Every structure is written in structure tokens, then in C-alpha cells.
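Q: got a sequence here, can you model it:
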Amino acid sequence: MSHVRVLLVDDQELIRTGLRGILRARDGFEIVGELDDGAGVVAACRELRPDVVVMDVRMPGVDGVAATRALRDQPDAPPVLVLTTFEDEEVLAGALRAGAAGFLLKGVPALDLQRAVRAVADGDSWLDPAVTGRVLHAYREGAAPARSGAELEVLTPREREVLALVGAGLSNAEIAERLVLGEGTVKTHVGHVFAKLGLRDRAAAVVVAFDHGLVRPRGGA
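A: Predicted coordinates for the structure are as follows:
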């Protein structure tokens, strides 16, 4: 199995060193580059072609939110997993609005970081349960008006079930196992959900699932 190619973006060398120690080759990762500022992210992604960008939120110069927004405007941009030491729900919500695939608080167990990076690289989302409720509340405050419950009527029962599992943070492979379906079938269902509800990515699908009570956040709202 090929390694997950990772670009690290953090202004603290100590943090980058720690991340390198967790995202090791023997565990299936390859650090293809490092930056200490968000200004060079777009150019680095064009040159290095990472599978995922692991990016700090708060950096001098170009911060993680601005860098994520600039990157997501590019064709074939890799997904972004945002890291922060701050339980700042508005900043993390801003990262989601900018197009981040998920967020994780620094200091989580190494295995959780590895799982999050793999999930995001595979096209899934990852929202740290410690702050998910508050972040989604802040996200909704600055997002489009809430959808009515009737809008979910366009989904089939199976598509609603898949949406609920996406909202719970399951990957396509995990959903396939849970529902005893092929992973390709799950991907098709997810695509239909996105198209019918006009969703851009899995993070937006997670918000819809929470808004409609298909899943409830851990950590409070």
C-alpha cells in the first residue's frame, strides 16, 4: 500500500518535529515537505503533490484559514486537516467555511492523528469530538440559512442512513461495513446526497446531519 504523502505547515519547529515523529514511514506516511507559514502552501502543493495538508490555524503572516481558502480555490487541491492548540470554535468554524476537511486539537493521541490524516486523505472528514458541538454552532452562525426538514425528503431512506453515518464521522469503508454494502455503492450514495442537497464536501454534510438531528455532537452544543 502506498504511503500517504503529507505536507506539514506550522510555524513552530518543535511541533513539526513532533508531527514527523508520529507520521512515520513505518506507519504508512511520507512527509514530502514542511512550511513555517501559509504563504507558500499553494506553490508547495503544486510542486510536491501531497495527499493531505496538515496545517496550523494560527501562524504569523498568512494563517491557516487564509491558506486553506487560497488552496481550495485551486483545481485538484489536496484536502486540509487543521490543527490547533486553541479551543477557538470561531477560528475552527472559519477553517471549515474556507474548505478544510476537518480539524483536530493538538495534543491528541498519536493514533488519533494518524487516523485523522488517513481519513482526510481518503476524502472523508474528521471533526474533533471535544469541540465539535461548539464549532458547528459557530459554523452555522456564519453559513447559509438553516435548511428546512422537508429538504431531506428528497433523500431515499438509504441516503438518509448514509448521511447520518457521515455525520457520525464514519469513513466510506466504515459505512460500507456497517451497512453491509460495497464501498463503491457507499460512494455512489454519498455522491447522490451531495448532489441532492447541494453540498460541497463532507464537512458540510456533517453540519446538515447535526442540524436535522440525525446525529448529536459529543462535547455539547
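
Q: so what's Asp11 up against?
A: The contact partners of Asp11, by C-beta atoms under 8 Å, 6 or more residues apart in numbering, come to Asp36, Asp37, Asp56, Met59, Pro60. Backbone N, C-alpha and C define where each C-beta goes, glycine included.

Q: give the contact list for Asp27.
A: Counted by C-beta under 8 Å, 6+ apart, Asp27 has contacts Gln114.

Q: what about burial for the contacts of Asp11, which qualify?
A: Of all the contacts of Asp11 considered here, the ones buried according to neighbour count by 16 or more other C-beta atoms under 10 Å are Asp36, Asp37, Asp56, Met59.

Q: next SSE downstream of the longest helix along the chain?
A: In terms of residue count, the longest helix belonging to the chain (DSSP state H) is helix 183-197. Moving toward the C-terminus from helix 183-197, the first helix or strand encountered (DSSP states H and E) is helix 202-211.

Q: tell me what that following helix is packed against?
A: helix 132-141, helix 157-167, helix 183-197 (3 or more C-beta pairs under 8 Å, 6 or more residues apart in numbering; DSSP states H and E).

Q: adding mean pLDDT, write these out as JSON lines.
A: Supplementary listing: the helices and strands packed on helix 202-211 in JSON lines, determined by pLDDT from 0 to 100:
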{"stretch": "helix 132-141", "mean pLDDT": "69"}
{"stretch": "helix 157-167", "mean pLDDT": "91"}
{"stretch": "helix 183-197", "mean pLDDT": "92"}
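
Q: any chance of CSV for those, columns distance to Pro78 and mean neighbour count?
A: Putting the helices and strands packed on helix 202-211 into CSV (distance: least, C-beta to C-beta, whole Å; neighbours: other C-beta atoms under 10 Å) gives the following:
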stretch, distance to Pro78, mean neighbour count
helix 132-141, 22, 20
helix 157-167, 20, 20
helix 183-197, 19, 17
